[in-house]
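The sequence and its predicted three-dimensional model are supplied below.
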Amino acid sequence: MSISRARKVTNLTADYNAMELMICLAARCLEDDSTVVVGTGAPCAAAMLAQRTSAPNLMIMFEAGGVGPLLPSMPISVGDSRTFFRGLAAGSMPEIMEACQRGMVDYTFLGGAQIDMYGNVNSTCIGDHTHPRVRFPGSGGANDLASLCWRTMMITPQDRRRFTSRLDFLTTPGYLTGPGAREAAGLPPGTGPYRVITQLAVIGFDPASLRMRVESLHPGVTRQQVSDNTGFELLWAEALGESQPPDPEELRILRQEVDPFRYVIGRA
Amino acid sequence: MSISRARKVTNLTADYNAMELMICLAARCLEDDSTVVVGTGAPCAAAMLAQRTSAPNLMIMFEAGGVGPLLPSMPISVGDSRTFFRGLAAGSMPEIMEACQRGMVDYTFLGGAQIDMYGNVNSTCIGDHTHPRVRFPGSGGANDLASLCWRTMMITPQDRRRFTSRLDFLTTPGYLTGPGAREAAGLPPGTGPYRVITQLAVIGFDPASLRMRVESLHPGVTRQQVSDNTGFELLWAEALGESQPPDPEELRILRQEVDPFRYVIGRA
Amino acid sequence: MPQSFHPEERSGVGPLFTSPDADQARLFFRQKPRRLTNKLTTARDAVARLVGDGDYLGVGGFGSNRIPTALLHEVVRQGRRQLGLAGHTATHDCQILIAGDCVDRCDVAYVVGLEARGLSRNARRAFEEGRVQVTEWTNAALAWRYRAAAMGVPFLPARIMLGTDTARYSAAREIRCPFTGIRLVALPALFPDVALIHVHRADVYGNCQIEGIMVSDHDLARAARRVIVSTERIIPNEDIRREPTRTAIPYYCVDAVVEIPYGAYPGNMPYEYFSDEEHLQEWLEAEEDPALFAAFVREHIREPADFAAYLERCGGLNRLQELRRLEHFPGKEGDESDR
Amino acid sequence: MPQSFHPEERSGVGPLFTSPDADQARLFFRQKPRRLTNKLTTARDAVARLVGDGDYLGVGGFGSNRIPTALLHEVVRQGRRQLGLAGHTATHDCQILIAGDCVDRCDVAYVVGLEARGLSRNARRAFEEGRVQVTEWTNAALAWRYRAAAMGVPFLPARIMLGTDTARYSAAREIRCPFTGIRLVALPALFPDVALIHVHRADVYGNCQIEGIMVSDHDLARAARRVIVSTERIIPNEDIRREPTRTAIPYYCVDAVVEIPYGAYPGNMPYEYFSDEEHLQEWLEAEEDPALFAAFVREHIREPADFAAYLERCGGLNRLQELRRLEHFPGKEGDESDR
């Protein structure tokens, strides 16, 4: 499914913020009848929006054990009681991680402080590991989910510091050093980064080199802007499209049903 | 604790059968405040009797998942609902086997068609494995429990066919080939056969050679009778005692409370 | 490091009837449906669609407790052949499948016996005559092999079977712990083609609740490529959602749901009905004579149109009501059985 | 066999803070009491007896959900030092222990953050200044390390961490599957000295019931040498026996039981009370200034005589009642929070 699928383009730039745009674009990446393990924030909003639009049968899971809740509002923790509120199952962390390891989970989302052109992510530290200049939380479940789920997505701000040619620490595997590297490392075949959605563009991965390739630019964004905000050389899709902005119904659902208190969309 | 501990010896030979004697002797082997995984039949009767006599705090577990039931009667399967009737937990087979593997279970009981002088047991087949003359059920949980519990016990009829110098198949480990063999095979140190209780004698294991050593003869039984019913050379305890017969209170509890329908004690 | 008892790391010589390849399993699980759809159907349809000749079966419960008897009868009735079987305390379940001549290979932990009830002569004949190819294991080994598959790894280490012929005639391999150097047995993941599981309650999507011991069904349901659930009763999805803590098997493991009250008869269904010991004895007695037994199987499994007809032949609702009373263990069991 | 990405099998360079030796653990578990005894006591007594300086702790729940806050405060109040910590999504639990300067080494999966709430400045300072020695892992790695210990094996294989610096700075080792040849990570068993776990209901012997997600507590309770359980309420043993299916932690794992209503506050206790987000924000704000934060910790943890006194300082029963209402998720959460 193409992100920039043909639709009637309406200029709504004044009507949505960057976070709303990213969430809508991410939601459209999630195929119907699939499973996704999400965290808090934008990924959860994207999954909730997808359920109400293009993927009504998307099954949401949380790494702490929740399966298929009727989410009453956005969770603040991937283990809070919303994550299994009227859920189909309140399991355990092994339960969810093992479902991922068995191949039952299609999508997951990552966050992180740095990302490189192969989609490898750092969420551990800046500086030397033993004496870090900045300590971040660490992998959490990110390394697990990105190792085991079929498709890994990211919703992240894009700038030169964050999109770097050299990670201080490779917390979570993207395509590692390129073609064959995940398989050689022992990671399950057929897995890996799928889409990175930023405030500027939708970025995929070139099937041959497994390097980041821009698939579509958001309305009003130029190639130069994207390059200026990236610390490595990007590839560009042959048919570079324009990202389809949120339509009014997506925005209505996102604002009224998914995140009425603007916990996530208020952050933009 | 010695099996033939000093008590007032009363001649009750006319008052109990061989099965009742074996169950009472087995019950006295179980220390208070310990855990035991039992099967159906005589082992379960011994554990239930022990709870009502010398080991009131004995915790009974069943390999299919039951923990600490208030047994309403003798189970007919180690997974039937009696095994967790008003139990403390109705777990799973991994739950119980893992408790054993962690070192939480003190005693278990085995059965089998053949046993050798090191307490190795065959419950798989007679004849060649590929074309067995007789097929028995196999290990079930026996190999697991005898590998993992601290002390393995057996209640078994004794004859030359069953007490053999050569097993057709080593299903379940006793001391394997003797000192050091269990540890060398990788079995947890400190585990192994503890007592074999037959219709003739209580048999332990010589600490140096790990071979079967008769600890006490049942009332009226001679050394010769025991030797005649054993297909290998037995060792004899220096202080060979006489097995303490059931006392009237043990018999009353066994007959009235443990096995009122004589499912087990009626088999003698 | 322990002294060497075995001259080298050993492998069992038994055949491995299923592949422990976790990547191959992942490819299957990738295309397994994730959608909440109504999976309610009949035993006939479920077995026809989901159990094929040559498949490898895992059976839930514990031999004569919470077993999917109705589904097993259907497998026999449809004449499935050359099935593989996980003999994980397989007692009455194994007895049924052998009676139908359905099985030609078996991972054996416990077969041919019915625990305290005695031995199945017919099943023994099948094994003794070499009609069933055998690899030896133990109950824990099969439990952990299911768990390995449920975890999505190709093996799990354990401290059992070591030093025995059980290991030698298994398909296990010995390894060393990379941290402590101790010898361990590596148990290959067991991904059955089909699992048959009987539960207390399920919704139409396949979310299941089980009361009492789980045995290995938590893992079996996750390990198997396809899962058929039979259930004492269907409950509304709201009941599942009211207590998600109780969901033992989630819907996405399950391919078909069949509502069959008394579906574990003559086995014991915890909190519902006790085993019918008299009927199980009839099985054992009928097995003494092969001709008699063929007639017994015809009469009890092949001819009845469905499981309800079998229940009728076994005494119907009156007998089932007696078994319900027995399950509640009145102070003295004799009070009931003597009536 | 996959082509070689790594020239050879690799080991992580991080220190292993606990021994994965299953035999050593077995010797401990051998002498662990099996008797049903009344284990009811106070948080003060349980921590004094069962948590020593230098011990390695595992904490139940999920960072800010069903955490044993009252027990953690007691650890701080009693001034425990040089503790090891399993940082298995350690959020508010880690924040408390770092606030008390209790921890000097940590197996990190997730620390210093409070998920969507932000980062703990005080915890970051402790890690950045090298006051806490770190070995890297992941949430699944720590979950499976607990499981290995609960299973009584020295390691479990998994398909995570491979190819990353997370593995390099861990204490994991790479192995090959003896059946399929694939590369796997071997995760060493984690046997904590002490586990602190908060549950919904327990009897005086320590049989526990938990509602909602289990996280890793099933395994943690079995993996730990000593276990302190705090519980929202004590229930009679008959209630445990009425539904043995619900026993998540059996008594023989448990060394002390402490009845502490609201014992997970300011965390979320499923079906009981929601997290106190305002109070958690107060923590994050207080941490911006070390001097201010020292006063905050003194006022909230060190000075209150017990957990009830802390609850009083945080708004007492009225605030707790609000959190109970919030937990039931009225149609629009704002209906409640705007009141």
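Good, I have the coordinates.

beta partners for A:Ile115?
Following DSSP bridges, A:Ile115 is listed with bridge partners A:Val121, A:Phe163.

I'd like the distance between it and C:Pro192.
41 Å (Cβ to Cβ, to the nearest Å). All C-beta spots, glycine's among them, are computed from the backbone N, C-alpha and C.

Show me the shaky parts of the chain.
In the absence of a named chain, chain A is used. Residue ranges of chain A with pLDDT under 70: A:1-14, A:268.

To clarify, I was referring to chain C.
C:1-9, C:330-339.

residue boundaries of the helices in it?
If DSSP state H is used as the criterion, the helices of chain C fall at C:22-30, C:43-50, C:69-77, C:92-99, C:121-128, C:139-151, C:165-168, C:217-223, C:237-242, C:277-286, C:290-297, C:307-313, C:316-327, C:333-337.

Of the ones you listed, which is nearest B:Val105?
Of all the helices of chain C, helix C:139-151 sits nearest to B:Val105, with 12.4 Å by Cβ to Cβ.

and the angle from that closest one to helix C:22-30?
60 degrees (axes from the mean of the first three to the mean of the last three Cα atoms, to 10 degrees).

and helix C:139-151, how far out from the chain's middle?
Centroid displacement of helix C:139-151 relative to its chain, using Cα atoms, centre = their mean, to the nearest Å, is 13 Å.

among the helices of chain C, which is nearest D:Glu285?
Closest approach to D:Glu285 among the helices of chain C (Cβ to Cβ): helix C:237-242, 37.5 Å.

Only the buried residues of the closest one, if you could.
C:237, C:240-241 (16 or more other Cβ atoms under 10 Å in any protein chain shown).

More neighbours: which of A:Ile115 and C:Pro192?
A:Ile115 (30 against 26; other Cβ atoms under 10 Å in any protein chain shown).

and A:Val214, which of the three is it?
Put simply, A:Val214 is strand when judged by DSSP: H, G, I helix; E, B strand; the rest coil.

Tell me which residues touch it, please.
A:201-204, A:223, A:226, A:234-237, A:240 (Cβ atoms under 8 Å, 6 or more residues apart in numbering or on different chains).

out of these, what pair is the most spread apart?
Top of the distance list for the contacts of A:Val214 (Cβ to Cβ): A:Gly204 and A:Arg223, 15.5 Å.

higher neighbour count, those two?
Neighbour count, other Cβ under 10 Å: between A:Gly204 and A:Arg223, A:Gly204 has more, with 21 against 14.

my read: that one touches A:Gly192, true?
No - using Cβ atoms under 8 Å, A:Gly204 is not in contact with A:Gly192, being 11.0 Å away.

what about stretch C:82-98, how long is it end to end?
Start and end residues of stretch C:82-98 are separated by 11 Å (Cα to Cα, to the nearest Å).

what's the answer for stretch C:220-238, then?
First residue to last in stretch C:220-238 (Cα to Cα) measures 25 Å.

List the buried residues in that stretch.
Buried residues in stretch C:220-238 (16+ other Cβ under 10 Å): C:220-232, C:235, C:237.

same thing with stretch C:76-91?
For stretch C:76-91, by 16+ other Cβ under 10 Å, it's C:76-77, C:80, C:83-91.

Closest one of those to chain B?
Taking Cβ to the nearest Cβ as the measure, chain B lies nearest C:Thr89 of the buried residues of stretch C:76-91, at 6.3 Å.

Let me know whether that closest one touches C:Asn139 as I believe.
Yes - counting by Cβ under 8 Å, C:Thr89 does reach C:Asn139; the two are 5.8 Å apart.

list residues touching both of those two?
In contact with both C:Thr89 and C:Asn139: B:140-141, C:109-110, using Cβ under 8 Å, 6+ apart.

Which parts of the stretch 151-268 of chain A are helices?
A:181-185, A:223-228, A:248-252 (DSSP state H, counting those that start in this stretch).

quick check, nearest of the buried residues of helix C:237-242 to chain A?
Using Cβ to the nearest Cβ, the buried residues of helix C:237-242 come closest to chain A at C:Arg241, 4.2 Å.

now the residue lying closest to the closest one once chain neighbours are set aside: how far from D:Glu322?
Nearest residue to C:Arg241, sequence neighbours excluded (Cβ to Cβ, 6 or more residues apart in numbering or on different chains): A:Arg86, at 4.2 Å. Per Cβ to Cβ, A:Arg86 is found 22 Å from D:Glu322.

first vs last residue of stretch C:311-318, how far apart are they?
First residue to last in stretch C:311-318 (Cα to Cα) measures 10 Å.

what's the neighbour count on residue 26?
All of this refers to chain A. A:Ala26: 26 neighbours (other Cβ under 10 Å).

other chain: chain C
Counted with other Cβ under 10 Å, the neighbours of C:Arg26 add up to 21.

residues contacting the residue nearest to it when sequence neighbours are not counted?
Closest residue in space to C:Arg26, ignoring its immediate chain neighbours: A:Gly103 at 3.1 Å, by Cβ to Cβ, 6+ apart. Shown in contact with A:Gly103 (Cβ under 8 Å, 6+ apart): A:150, A:188, C:25-30, C:152.

Just the buried residues of the residues you listed.
Buried members of the contacts of A:Gly103, scored by 16+ other Cβ under 10 Å, are A:150, A:188, C:25-26, C:29, C:152.

Can you tell me which of those is nearest chain B?
Nearest member of the buried ones among the contacts of A:Gly103 to chain B, counting by Cβ to the nearest Cβ, is C:Gly152, at 16.2 Å.

what residues are up against the closest residue to C:Val297 other than its chain neighbours?
Once flanking residues are discounted, C:Val297 sits nearest to C:Ala99: 4.9 Å by Cβ to Cβ, 6+ apart. Contact analysis of C:Ala99 by Cβ under 8 Å, 6+ apart lists C:76, C:122, C:293, C:297, C:301.

what's the spacing between the residue nearest the centre of chain C and A:Phe109?
In chain C, the centroid-proximal residue (Cα atoms, centre = their mean) is C:Val59; its distance is 1.6 Å. Counting by Cβ to Cβ, the gap from C:Val59 to A:Phe109 is 39 Å.

do the same with C:Val76
48 Å.

again, but for A:Arg86
Taking Cβ to Cβ, one finds A:Arg86 at 23 Å from A:Phe109.

Report the two of the buried ones among the contacts of A:Gly103 separated the most.
Pairwise over the buried ones among the contacts of A:Gly103, using Cβ to Cβ, the maximum falls at A:Trp150 and C:Ala25, 13.8 Å.

What are the boundaries of the strands in the stretch 101-250 of chain A?
A:107-110, A:114-115, A:121-122, A:125-126, A:134-135, A:151-155, A:192-197, A:201-205, A:212-217, A:235-242 (DSSP state E, counting those that start in this stretch).

And those: which comes nearest D:Ala305?
strand A:134-135 (34.3 Å).

Other residues contacting the closest one?
Here strand A:134-135 has contacts from A:113, A:124-127, D:112, D:124, D:127-128, using Cβ under 8 Å, 6+ apart.
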